[in-house]
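Asker: Sharing a sequence plus its predicted fold:
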Amino acid sequence: MADTWDVIVIGAGPPGENAAQYAIAGSDRTAALVEAELVGGECSYWACMPSKALLRPVEAADAARSLPGIPVGSLDVGAVLARRDSFTHDHDDGPQVQWAEGAGIAVIRGRGRLAGERTVVVTSPDGGERTLTARYAVVLATGTTASIPPVPGLRECRPWTSRDVTNLREVPRRVLVVGGGVVACEATTWLRGLGAEEVTMVEVGPRLLDRHEPFASELLAARFADLGVRVRTGSGVVSVQRPAAADTGVGRIHGGPATVELAGGDTLEVDEVVVAAGRTPSSSDLGLSSVGVDVSGSHGYLPVDEHLAVTGVPGGWLYAIGDVNGRALLTHMGKYQARIAGAVIAARAEGRPLDGTGVRDLADGAAVPAVVFTDPQVAAVGLTE
């Protein structure tokens, strides 16, 4: 079955939703969102929303403990997790779908890939295929997935990724966190706050949060030390052994204990390994070769111009927004890019100029705001010193 839409967006996270909305707002143009998982994307169900829902009770309890006269015991983990689930609507994307359809955007379930100029093939969950054609534009908003370093035994031990640690169902007593970036530091904060007794962080670089100012890294490392978290920078995981690894489900301890060998010869036994060692763009199965796009030299990220159009593709019909272009792996930046791409698509569809009179803004990455919701919180904007 063939369908024609004015705009087709592959990936229904916040950037994809915004791009579709801005591309058709105030017009009779049509748009379709293609999504293989949940409408609302990583942010709504596996990243921003659940992580902040886990961090807030930990923060509130710590604040209360710092004041005399307020008795504070341990957190009720079950209640914290139930509150988190309320923020993710128990992974029910019905309200998100309702919003999209109310905005005049069709939702098509399945995995989308390019199959030529302005052509998208969607493979549905039952294996059937549906061909979509875009009159004006196709937008790629497929985001990223968690990377697992090629350490012997690490993948086989079925470690937790960001999806597991934000959707945890039980708190491991002994945890190894691999990585020292934002996800690793925030996850360490709530794991310790929810009762993990032994938490060890291993970061190959010289410090935590290496994209931020050194003084911020030092303050955070000092706070982790106060909390009893062992931080090992300039180190790495050499191998992992977990004979009883099992697929027990997202957020549940994946089998028996794991023995981890660290650089330098030290070993430790943990109940769970959390891998927070970067992200990989979800571009490998997008059919990019069908339109002459090669991302092998950019680590899988799609190169774009100031209008978020994919460079090297003539005609200005293919766009890439959000994490998949690698400019700034932040939801609010993906939404910012989506507004620009949507405005550009609308202007081109209506024959308006792109010189600033027809489009409000151009994608700018010089002053990106970001916050790490640890204790202390780390806020930054623009260049480091």
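Answerer: That came through fine.
Asker: Give me the below-cutoff pLDDT ranges for this protein.
Answerer: Along the chain, the model assigns pLDDT under 70 to residues 1-2, 356-361.
Asker: Just the CA trace of stretch 149-159, in PDB.
Answerer: Taking Å, rounded to 0.1, in the frame of the first residue of the first chain, the C-alpha atoms of stretch 149-159 are listed here in PDB:
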ATOM      1  CA  PRO A 149      32.600  -1.000  24.800                       C
ATOM      2  CA  PRO A 150      34.300  -4.000  23.300                       C
ATOM      3  CA  VAL A 151      35.500  -5.400  26.600                       C
ATOM      4  CA  PRO A 152      35.900  -9.200  26.800                       C
ATOM      5  CA  GLY A 153      32.800 -10.600  28.500                       C
ATOM      6  CA  LEU A 154      31.000  -7.300  29.000                       C
ATOM      7  CA  ARG A 155      28.200  -7.700  26.500                       C
ATOM      8  CA  GLU A 156      27.800 -11.400  27.500                       C
ATOM      9  CA  CYS A 157      27.300 -10.400  31.100                       C
ATOM     10  CA  ARG A 158      24.100  -8.600  30.100                       C
ATOM     11  CA  PRO A 159      24.900  -5.300  31.800                       C
END
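Asker: List of residues touching it?
Answerer: 148, 178, 236-242, 245-247, 254-255, 258, 272-275, 277 (C-beta atoms under 8 Å, 6 or more residues apart in numbering). C-betas here are computed from N, CA, C, even on glycine.
Asker: now those residues: which count as buried?
Answerer: Buried members of the contacts of stretch 149-159, scored by 16 or more other C-beta atoms under 10 Å, are 178, 236-238, 240-242, 245, 254-255, 258, 272-275, 277.
Asker: Specify which member of the residues you listed is nearest to G195.
Answerer: Distance to G195, by C-beta to C-beta, is smallest for E272 among the buried ones among the contacts of stretch 149-159, at 13.3 Å.
Asker: tell me the two of the buried ones among the contacts of stretch 149-159 that are most distant?
Answerer: G236 and G255 (22.9 Å).
Asker: any idea how far P303 lies from L140?
Answerer: 12 Å (C-beta to C-beta, to the nearest Å).
Asker: More neighbours: the two, which one.
Answerer: L140 (33 against 16; other C-beta atoms under 10 Å).
Asker: Show me the helices in this structure, by range?
Answerer: Taking DSSP state H as the test, the helices found in the chain are 14-24, 41-45, 48-65, 77-87, 94-102, 162-166, 182-193, 214-226, 331-350.
Asker: Which one, of those, ends up nearest to S124?
Answerer: Here helix 94-102 is closest among those (C-beta to C-beta), at 15.7 Å.
Asker: right, and Q21 touches A103 too?
Answerer: Yes - with contacts counted by C-beta atoms under 8 Å, Q21 reaches A103, the gap being 5.4 Å.
Asker: Compare neighbour counts for those two and give me the winner.
Answerer: Q21 (20 against 13).
Asker: wait, what's in contact with the nearest residue to A367 once chain neighbours are set aside?
Answerer: Spatial nearest neighbour of A367, excluding adjacent residues (C-beta to C-beta, 6 or more residues apart in numbering): G382 at 4.5 Å. Counting by C-beta under 8 Å, 6+ apart, G382 touches A366, A367, V368.
Asker: So the second one versus A380, what's the distance?
Answerer: When you say that, I think you mean A367. Distance from A367 to A380, by C-beta to C-beta: 10 Å.
Asker: Compare those two and say which one has the larger neighbour count.
Answerer: Shown here are A367 and A380; by other C-beta under 10 Å, A380 has more neighbours (16 against 8).
Asker: how close does that one sit to A184?
Answerer: Taking C-beta to C-beta, one finds A380 at 17 Å from A184.
Asker: Show me which residues of stretch 128-140 are buried.
Answerer: In stretch 128-140, counting by 16+ other C-beta under 10 Å, buried: R130, L132, T133, A134, Y136, A137, V138, V139, L140.
Asker: What is the nearest of these to H299?
Answerer: L140 (15.8 Å).
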